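Peer 1: what follows is a predicted protein model with its sequence.
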Number of protein chains: 6
Amino acid sequence: MATVVTFGEIMMRLTAPGHQRFAQANGLDITYGGGEANAAAALAQMGVSAAHVTVFPENDLGKSAAAFFHKSGIDSSHFVFQDGRLGLYFMEVGAGIRPSRIVYDRYESAFAKLNPAAFNWDEIFRDARWFHWTGITPAVSASAAEACSDAVKTAKKLGVSISADVNYRRVLWQYGKKASEVMPDLVADCDVIVCTVGDAEDIFSIRSSDFESMATQMMDRFPNLKKIIATRRDTLSANHNRLTGLCFDGKQMIESPTFDLKPIVDRIGGGDAFMAGFIYGSLKYEDTNKALSFATAASALKHTIEGDFNVVSAAEVEQVMEGDVSGRLLR
Amino acid sequence: MATVVTFGEIMMRLTAPGHQRFAQANGLDITYGGGEANAAAALAQMGVSAAHVTVFPENDLGKSAAAFFHKSGIDSSHFVFQDGRLGLYFMEVGAGIRPSRIVYDRYESAFAKLNPAAFNWDEIFRDARWFHWTGITPAVSASAAEACSDAVKTAKKLGVSISADVNYRRVLWQYGKKASEVMPDLVADCDVIVCTVGDAEDIFSIRSSDFESMATQMMDRFPNLKKIIATRRDTLSANHNRLTGLCFDGKQMIESPTFDLKPIVDRIGGGDAFMAGFIYGSLKYEDTNKALSFATAASALKHTIEGDFNVVSAAEVEQVMEGDVSGRLLR
Amino acid sequence: MATVVTFGEIMMRLTAPGHQRFAQANGLDITYGGGEANAAAALAQMGVSAAHVTVFPENDLGKSAAAFFHKSGIDSSHFVFQDGRLGLYFMEVGAGIRPSRIVYDRYESAFAKLNPAAFNWDEIFRDARWFHWTGITPAVSASAAEACSDAVKTAKKLGVSISADVNYRRVLWQYGKKASEVMPDLVADCDVIVCTVGDAEDIFSIRSSDFESMATQMMDRFPNLKKIIATRRDTLSANHNRLTGLCFDGKQMIESPTFDLKPIVDRIGGGDAFMAGFIYGSLKYEDTNKALSFATAASALKHTIEGDFNVVSAAEVEQVMEGDVSGRLLR
Amino acid sequence: MATVVTFGEIMMRLTAPGHQRFAQANGLDITYGGGEANAAAALAQMGVSAAHVTVFPENDLGKSAAAFFHKSGIDSSHFVFQDGRLGLYFMEVGAGIRPSRIVYDRYESAFAKLNPAAFNWDEIFRDARWFHWTGITPAVSASAAEACSDAVKTAKKLGVSISADVNYRRVLWQYGKKASEVMPDLVADCDVIVCTVGDAEDIFSIRSSDFESMATQMMDRFPNLKKIIATRRDTLSANHNRLTGLCFDGKQMIESPTFDLKPIVDRIGGGDAFMAGFIYGSLKYEDTNKALSFATAASALKHTIEGDFNVVSAAEVEQVMEGDVSGRLLR
Amino acid sequence: MATVVTFGEIMMRLTAPGHQRFAQANGLDITYGGGEANAAAALAQMGVSAAHVTVFPENDLGKSAAAFFHKSGIDSSHFVFQDGRLGLYFMEVGAGIRPSRIVYDRYESAFAKLNPAAFNWDEIFRDARWFHWTGITPAVSASAAEACSDAVKTAKKLGVSISADVNYRRVLWQYGKKASEVMPDLVADCDVIVCTVGDAEDIFSIRSSDFESMATQMMDRFPNLKKIIATRRDTLSANHNRLTGLCFDGKQMIESPTFDLKPIVDRIGGGDAFMAGFIYGSLKYEDTNKALSFATAASALKHTIEGDFNVVSAAEVEQVMEGDVSGRLLR
Amino acid sequence: MATVVTFGEIMMRLTAPGHQRFAQANGLDITYGGGEANAAAALAQMGVSAAHVTVFPENDLGKSAAAFFHKSGIDSSHFVFQDGRLGLYFMEVGAGIRPSRIVYDRYESAFAKLNPAAFNWDEIFRDARWFHWTGITPAVSASAAEACSDAVKTAKKLGVSISADVNYRRVLWQYGKKASEVMPDLVADCDVIVCTVGDAEDIFSIRSSDFESMATQMMDRFPNLKKIIATRRDTLSANHNRLTGLCFDGKQMIESPTFDLKPIVDRIGGGDAFMAGFIYGSLKYEDTNKALSFATAASALKHTIEGDFNVVSAAEVEQVMEGDVSGRLLR
């Protein structure tokens, strides 16, 4: 009965405090996240009814991850618990010229072992207006890919708008199928995707020198697509980036204002906040320009927030979107 | 028997750690502060004998607040304890484009319920050379306004110099009187005030397009005033401001050098440090230029200090005032 | 049996957390360091076999300092334990215009009371290719100076390359001899030294207006020297410096690229990381340009690392040295 | 649509870390709790569908409190947000012979200012089997008492079982009515109450020398009551108590086994955990003995849990209830 | 070239702070341990030359685990790095009647995937007098069992004393062989084993009602065994145990004094400390009584130490062993 | 102008967190204390006007120590700042059978180098009723002994009551005089001393088998003494002691009730709290029994307080003294 539905894995993130390297740390800060769940949680923070569908291990860690997302206010009716482990990733935070580093430890997770029959998508999508998934999910395992396909097909059937962040990660595709075999069918039913020039080449063998050219070819190939979006990130240092939102709607390129991200409090989930912002903007505004500005402002704010998902209200995003980037004290 | 006397409320400040939002915090850092007490504590750190006059609740929190200010080395002989609660404010620290936020919870405090007869101002001002108050105090309650008026009149009678930071906060004036009814009489006896163009319009209905014009009109209206001072703050981001000191002495405008505040460790109390610096400078130097430079350098340093009040020696301020802003390691 | 041998005192460093001043701190973070040991530990992190020779007090603090350096992976076979105290230094971390401050408390340490006969340098240097010491060691006590002299002479005899960071600190020379009496004999046997224009004047009475002129005069005076190196540090604020490596090889000046250090996570040990980098580069590359770039990149990375010594791999340094200073997230 | 419904205020608790006194603390740990919400959260942790009804201030602190309870998994559909402040209480933790201390700061809270018309109790109780309230709620304000009365009457009408912890706190009754005027009508409709000999005398003027005598008189007076329960707490020190559950069912006294509480990790909420356990036991078991043992075991476990509400599964309680109190490591 | 050699997996332990449950934790304390490595590290702390042989993943986490054990002062020459993951276990700390809980996440670790040919046991045992392994190692994988068998056979061949903690954990044996198939051959070559009545039944199908009877039967079956040892732990609560050392030497039963463990700071590694103490005692004392007392005193002290391995000197153990259990302050 | 005056050194204490050993700690908690200053601070917390006289180093650490004691509310008018270092001591906290350990690092402190002429004792004792010193002070250096002697003589001359904790520490007496040469003259003028059987033998060569016999002999030797007091501490474990106050008044032995100290939060300063309690009791009560009970109850409470000095009100002590040792929660 939620307006927006997302589907994907949730992992525990273990981060070395401050700027410590792994070998220096005597404790790790923990939080939980996943690209699709981050989008749902960000939407819930902005007052949109959002449900996330996922599988957790039936142990204390799975329950902790579930409780963490309960706190965000999302609809958790479709959390499934079963045997397996919780996917993990370890992170150390860089500074200046030293990059942040992530070590993944996510294989054989409960989510990867999910049973596609566990989800009644017709029921899940009751009253929904938007479904969002990412390219991580079909990469994780054959059964996850199958469940994702079921979800996409059901959403399409029910007239629910579909978005995806295609997000190609070569190292994840290890169950015997390639992204190029699985993703096209899934993307074909989408309305909006996040896709970069690199993603398009890696997954769809579409070569292009710029975003517009790539987007044009993608739309030719996938005529159901209405918008292709992305962010352009200019990485000046680990603590200082610049961010611009891009959107091709089949006719023209739109660019958002550019935001200076400085200092970056936490870079993880910036893309998920962008996607959540674009969903919010698409549901609320007629105007794609506005939706894109909202999305980029939301993502810019995410870089000032600790943890994987955005914790800002729609009003806070709108203030930044309208140009107030002074960070002036609010009493 | 202190050289400088200040009067006003002290509150507990509860700050979410790091850049956490309130909903993310599992603990809050605590410190204590109040505009006038911050000035007294800063002066004590710089070696000036300073007494603060205030009222605390007669409970563990009031005693903790008092002990915190004991530590600063101020004269606490005139701390009064009575029934009531301790005023609180909650703070989360922004970053870049995300502003810091303050939630006040200060109504019905012990200070607001003070009994004006509890203070023997003639005794308090024995040997004093300077009295400082702010526009917060008469805003809090009728009895606080009455005590403030008693203090100003006694100081005036005894030839003690008087300063005020007029600091208009509309939301505080809730006991039935308006700032425009109460403040003029109090300001009339002052020698030095901190006042912005906005304050002058809100409190005294003096409209002006710039500081000099405002200050000229204020001096026409309040002929006892000798100097009107303020800082101009250029807010580039939550972590980066620029600060310049301004002073009109009835004849001319003086501007201090501009200091780059980057990064800002703690923005709260920057104005109080400026005022304390100006009092210090006025007591020590003949030259108003020097006093203003000292005040602005002191305020700039405050932005690098955690907590509400400045913890720097006069020598440290002088080093910055003389242009050493390199932050070079001192062994 | 280590490739590189270093000799010098290790102290406990006690740092006020965050940006707190000493009087605000309720705890102090501890780490351990010393110029020569920092170089050894940095080399061990980069995969070079490095042994450090030192003396610790025979108490719990000495053992803790030893264990800390065990962790770095250096060869600790030549740690000596005897009566005395552990040298300490206290640090508060500045910000922007406020400098960091260090308070030393190191007199009468176990190291200062070392017995020169305790070290069998012929045995220590077995298989060694490089020996490194600094001007701190002969400043600490007569016996430390004697042990340093023994080490230098033995290394020279065995054909081991010798480097020194001459690092003049006037306040340390308190046992009756001056740097100008002790240092020349020690430097005469060196192959590479870190020396600034100020050091050369203070220790060797060599006056010069620039690095090249100083280095030329030093080489005239000490014909065994093959390279004189240093860093030029442009201090923009406590959090932002610029760093360039300099090298004079008797014929020409070489300058490394300049690195922007922003933000500075921990400035201590930047020079030791530079020296360790130069040793690494000298052992690995033919090309002095490369060695200098490696050294400067290593020092730049050290400024992003907490603690006294560098914790980066050679591969990480090489990536920066090759120009990747974007701090882009590594998954 | 929850099985159990609870109604009452939620406050922020600010606790000095470890065994620090307030004046020693530099930070306060925060958690949120309230007698009725604690019971709901404990039931949710044990797998029972539980909804809490309350009012929060419409500010960042109210939202944080709400999010904290979201995390517990309770149904939060009936959280109301409006003007006002969040009730607070400050706590320092004793040790041995030194008692823990609480300073309340809860007047004028948003909850106290609630509008009784805001709650549609017929809707709230749809599908409910149990309603729980405490004597704190009607003490807070006239409107809270009115809402509580509405809830009790509606529950009674709908055949929902009703429990109350009568919990007399003299200092709270400040809005002009006495407990003795308000409580009898509310208790008259209850099925189960927690009541001590002291409560019965203070509220209902029933004097008695022991629990059974009191309970007998209470049942005579309130014939709808089916069970009167309580715990007997033997306070050996701040860290060591003994706990026994008591129940009078109109015919006989039942006592649970006695549990040794040592060490006590957190004593707050022990009574709420007892009540939650009794509700759980009453819903699950036929046997009152079993329900009482479950309740007392649940309360005993709560004393090992940080925060205001119990975080244990029903299986964990059952293990203790069946006599396994060895605390043996579970791998 | 170490006196004692141990072989086994090292895991990262992630512990919720204080008495928090997993779902309450926002960070996890980290340490590293493994039964055999814990014994080696404890011996190194007591001044015995000890080498540990293991396999780590070739990533940042493996390096961190290795560095952690470097710090303990063990000989790490035989650490092997290869592909795979680091085994993990998560722990929450109980209190009183609430047990501590461990969640293992160790499958598919780099150690489990070790290549037996990677170890040159003849070289590793050069100069060794004692080899120690546990029943965890052959349970982990076929290749680990094979390496363990190689080690045992080589040690036997070289006349090195062999000890094992047979430590049966049913859940670990998942690679197709049962403990009963693998363990007998390994135990047949041992001189000393830790074995409980339960272990003997589970692994060797030896049924017995008490330790002595079990030990007699084991010695009949494995005539090479010289001593069978164990501890008897009386679990009064999660914070209070009693511990007694047991030894059967083929002729008679020896019992150590009983130690009161109260409070228990960290229970993990108590058995490893016992084994390390018995190895130390066996190497140092003629008298088995003394060795057993030393072992039990060492284990008792371990329960007061944070982390997986014992950090006490031999002198500290001897003081407790000689009856000083007063915990009197040492200045 | 204070009622009680104390004189002695203040040191920084650096404590490993929780139950960590020194080698495990990554930070140290800091507090400041000294036997005599602890007594003054405890008296100030109980509402008695108390001044402490001491010497600090003229550096950031000395100022921090001074500020720490400012916070306690003592009169700090007689703090002297001069060259030298701040005395330090490092502590790790034991548990159960493992003792706490202290490593002193206090030689050559600013206090040890004090100039006796710096103190105007006639001025310091104006309005004073009690002077307290300990045997640590004359042990530190010849000049400290001289200043102590000046103070004692002046107090005697002015009719101020004098107490001393004779507290013999052999290792401190290193400046060429023995305690037996210095202490008798100082003790001869005292009214009350804390002295154990061991102290009396070590300093005054008075042998005795019990407290009463020792006290009788001491009074024969020092006829000015009116009371000799001490505590008897029964050390059951590092966390559990029993404490009884003893007093001999020349005629009879008085014993206070015995208090169970369990758990012990911080044992340091227990004796200073006892002395402060006895001074408080002597000033307030006629009855020595009451004074002794107050003193022992105060000391018992100190064991529940973190840091070196007692932070309890007189009312809290009286409640314990009157037998309420249940540690029952105070709301």
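Peer 2: Perfect, thanks for sending it.
Peer 1: all contacts plus neighbour counts: C-alpha atoms, from now on.
Peer 2: Will do.
Peer 1: next, give phi and psi for the single nearest residue of the stretch 201-331 of chain A relative to chain C.
Peer 2: Of all residues in the stretch 201-331 of chain A, residue A:238 sits closest to chain C, at 4.2 Å by CA to the nearest CA. Note on residue A:238: backbone dihedrals following degrees, to the nearest 10 are phi -60, psi -20.
Peer 1: next: residue A:16.
Peer 2: Main-chain dihedrals, residue A:16, degrees, to the nearest 10: phi -60, psi 140.
Peer 1: so who does it touch?
Peer 2: Counting by CA atoms under 8 Å, 6 or more residues apart in numbering or on different chains, residue A:16 makes contact with A:22, A:25, A:27-29, A:90-93.
Peer 1: and with 7 Å instead?
Peer 2: Residues near residue A:16 by CA atoms under 7 Å, 6 or more residues apart in numbering or on different chains: A:22, A:25, A:27-29, A:91-92.
Peer 1: residue ranges of the strands in the stretch 201-331 of chain A, please?
Peer 2: A:227-237, A:240-248, A:253-261 (DSSP state E, counting those that start in this stretch).
Peer 1: which helices and strands does the top helix by length along chain A pack with?
Peer 2: Longest helix in chain A by number of residues, with DSSP state H as the criterion: helix A:142-158. Judged by 3 or more CA pairs under 7 Å, 6 or more residues apart in numbering or on different chains; DSSP states H and E, the packing partners of helix A:142-158 are helix A:121-124, helix A:137-140.
Peer 1: could you identify which of these is most buried?
Peer 2: Mean neighbours per residue, mean count of other CA atoms under 10 Å in any protein chain shown, is largest over the helices and strands packed on helix A:142-158 for helix A:137-140, with a mean of 25.
Peer 1: per-residue pLDDT, residue A:1?
Peer 2: Listed pLDDT for residue A:1 reads 73.
Peer 1: show the contacting residues for it.
Peer 2: With CA under 7 Å, 6+ apart, residue A:1 has these contacts: A:126-128.
Peer 1: now with 8 Å, please.
Peer 2: Contacts of residue A:1 by CA under 8 Å, 6+ apart are A:124-128.
Peer 1: so how far is residue A:74 from it?
Peer 2: Distance, residue A:1 to residue A:74, using CA to CA, to the nearest Å: 12 Å.
Peer 1: so which of the strands of the stretch 201-331 of chain A comes closest to residue B:114?
Peer 2: Closest approach to residue B:114 among these is made by strand A:253-261 (47.1 Å; CA to CA).
Peer 1: the residue of the stretch 201-331 of chain A closest to chain C and residue A:101 touch, don't they?
Peer 2: No. Counting by CA atoms under 8 Å, residue A:238 stays clear of residue A:101, with 10.8 Å between them.
Peer 1: closest point of chain A to chain B, which residue?
Peer 2: For chain A, CA to the nearest CA, closest residue to chain B: residue A:327, 3.9 Å.
Peer 1: show the contacting residues for that residue.
Peer 2: B:94-100, B:235-239.
Peer 1: can you rerun that using 7 Å?
Peer 2: Counting by CA under 7 Å, 6+ apart, residue A:327 makes contact with B:96-99, B:237-238.
Peer 1: cool, and residue A:11?
Peer 2: Listed by CA under 7 Å, 6+ apart, the contact set of residue A:11 reads A:32-34, A:86-88.
Peer 1: what distance do you get for the closest residue to the residue of the stretch 201-331 of chain A closest to chain C other than its chain neighbours to chain E?
Peer 2: Nearest residue to residue A:238, sequence neighbours excluded (CA to CA, 6 or more residues apart in numbering or on different chains): residue C:327, at 4.2 Å. Distance of residue C:327 to chain E, given as CA to the nearest CA, to the nearest Å: 18 Å.
Peer 1: and if you look at residue A:214?
Peer 2: Plainly put, residue A:214 is 36 Å away from chain E if you go by CA to the nearest CA.
Peer 1: coming back round to it: between the contacts of residue A:11, which is nearest residue F:163?
Peer 2: residue A:32 (60.8 Å).
Peer 1: could you confirm that closest one falls within a helix?
Peer 2: No. With DSSP: H, G, I helix; E, B strand; the rest coil as the criterion, residue A:32 is assigned strand and is not in a helix.
Peer 1: what residues does it make contact with?
Peer 2: A:10-13, A:65, A:68, A:308.
Peer 1: then residue A:104?
Peer 2: Neighbouring residues of residue A:104 by CA under 7 Å, 6+ apart: A:88-90.
Peer 1: up against chain D, what does the stretch 1-150 of chain A have?
Peer 2: Within the stretch 1-150 of chain A, the residues that sit near chain D (CA under 7 Å from any CA of the partner chain) are A:67-68, A:70-73.
Peer 1: among these, which lie within strands?
Peer 2: Assignment to strands by DSSP state E places none of the residues of the stretch 1-150 of chain A next to chain D there.
Peer 1: and those residues as a markdown table, adding pLDDT and distance to chain F?
Peer 2: A markdown table is the format used below for the residues of the stretch 1-150 of chain A next to chain D (pLDDT from 0 to 100; distance: CA to the nearest CA, whole Å):
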| residue | pLDDT | distance to chain F |
| --- | --- | --- |
| A:67 | 97 | 29 |
| A:68 | 97 | 28 |
| A:70 | 96 | 33 |
| A:71 | 96 | 30 |
| A:72 | 96 | 33 |
| A:73 | 96 | 33 |
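Peer 1: can you redo those residues as CSV with neighbour count and distance to residue C:180?
Peer 2: Formatted as CSV, those follow (neighbours: other CA atoms under 10 Å in any protein chain shown; distance: CA to CA, whole Å):
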residue, neighbour count, distance to residue C:180
A:67, 20, 68
A:68, 23, 65
A:70, 21, 70
A:71, 20, 68
A:72, 23, 67
A:73, 27, 71
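Peer 1: how about chain A: which residue is closest to chain F?
Peer 2: For chain A, the residue closest to chain F is residue A:26, as judged by CA to the nearest CA, at 8.3 Å.
Peer 1: who touches that residue in this structure?
Peer 2: By CA under 7 Å, 6+ apart, the contact set of residue A:26 is E:29-31.
Peer 1: cool, and residue A:318?
Peer 2: Shown in contact with residue A:318 (CA under 7 Å, 6+ apart): residue A:294.
Peer 1: picking up where we left off before, from the contacts of residue A:1, pick the one nearest chain E.
Peer 2: Comparing the contacts of residue A:1 against chain E with CA to the nearest CA places residue A:124 closest, at 26.7 Å.
Peer 1: residues contacting residue A:242?
Peer 2: Counting by CA under 7 Å, 6+ apart, residue A:242 makes contact with A:233-235, A:258-261.
Peer 1: again with residue A:159
Peer 2: Residue A:159 neighbours (CA under 7 Å, 6+ apart): none.
Peer 1: likewise residue A:78?
Peer 2: Counting by CA under 7 Å, 6+ apart, residue A:78 makes contact with A:52-54.
Peer 1: any chance of the residues you listed in CSV, with secondary structure, distance to residue E:111 and pLDDT too?
Peer 2: Output for the contacts of residue A:78, formatted as CSV (DSSP: H, G, I helix; E, B strand; the rest coil; distance: CA to CA, whole Å; pLDDT from 0 to 100):
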residue, secondary structure, distance to residue E:111, pLDDT
A:52, strand, 37, 98
A:53, strand, 35, 98
A:54, strand, 31, 98
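Peer 1: in space, what's closest to residue A:86 - neighbours in sequence excluded?
Peer 2: Distances taken as CA to CA, 6+ apart place residue A:109 nearest to residue A:86, at 5.4 Å, with adjacent residues excluded.
Peer 1: if you could redo that for residue A:68, that was the one I meant.
Peer 2: residue D:71 (6.2 Å).
Peer 1: isn't that neighbour right up against residue A:67?
Peer 2: Yes. Applying CA atoms under 7 Å, one finds residue D:71 in contact with residue A:67, separated by 5.0 Å.
Peer 1: which bits of the stretch 1-150 of chain A sit near chain E?
Peer 2: A:22-23, A:26-31, A:60-61, A:64, A:67.
Peer 1: most widely separated two among these?
Peer 2: Spanning the widest gap among the residues of the stretch 1-150 of chain A next to chain E are A:23 and A:67, at 29.7 Å by CA to CA.
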